[in-house]
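Engineer: Got a predicted structure plus its sequence, pasted below:
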Amino acid sequence: MIGAVICFWNRTTNSFHLPCGMIRMSLLDVAAITGLPINSPDCTPNMQPERQYNVALTNSYSDFIANNMGAESTDITDDEHVAFLFYWLIAILFCSRSVQMSKLFLPLAALLYEGKVLNLAKLLLEHIFEELGQFVHCL
């Protein structure tokens, strides 16, 4: 079904071109489906975390979890919390197709841990547009 819908995707306008007209996703759609706020500040490249976190980057998700998980009877460290947010962003929110852990979202995870309010809905919508464009390009 997704393959059939992809055939109607136009990369230029980021919309579906159907016989009844154009349909596109909006930030309001993302907010309604995910509950992410849309009025937060945008993420910009100059936003940097206040400090560096020791997150072990590995080639696979299972190795990443094993290398960043602390002992069961100890409190969760700052590094473990950032590692969890990093995993959540890649595997759950942005659903990366890669089998490797990309460090692209590590600064974003650190900013979220430090309490910065960010417009994740806008990033997610952009990611959806990019992925749909990649699918169409591969057809």
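Structural biologist: Here it is on my side, so go on. Numbers count the residues shown, from 1 in each chain.

Engineer: Endpoints of stretch 89-106, how far apart?
Structural biologist: The straight-line separation of the ends of stretch 89-106 (C-alpha to C-alpha, to the nearest Å) is 9 Å.

Engineer: Kindly report the same for stretch 30-48.
Structural biologist: Stretch 30-48: ends 25 Å apart by C-alpha to C-alpha.

Engineer: Then stretch 34-51?
Structural biologist: End-to-end distance of stretch 34-51: 29 Å, with C-alpha to C-alpha as the criterion.

Engineer: Need the distance between the two termini of stretch 71-83.
Structural biologist: 15 Å.

Engineer: how about it: buried residues?
Structural biologist: Asp79, Glu80, Val82, Ala83 (16 or more other C-beta atoms under 10 Å). Quick note: C-beta positions are derived from backbone N, CA and C, even for glycine.

Engineer: for the second one, what are its contacts?
Structural biologist: Glu80 sits next to Asn68, Met69, Gly70 when contact means C-beta atoms under 8 Å, 6 or more residues apart in numbering.

Engineer: Return the item of those having minimum pLDDT.
Structural biologist: In terms of pLDDT, Gly70 ranks lowest among the contacts of Glu80, with 84.

Engineer: List the contacts of it.
Structural biologist: Listed by C-beta under 8 Å, 6+ apart, the contact set of Gly70 reads Ile76, Thr77, Glu80.
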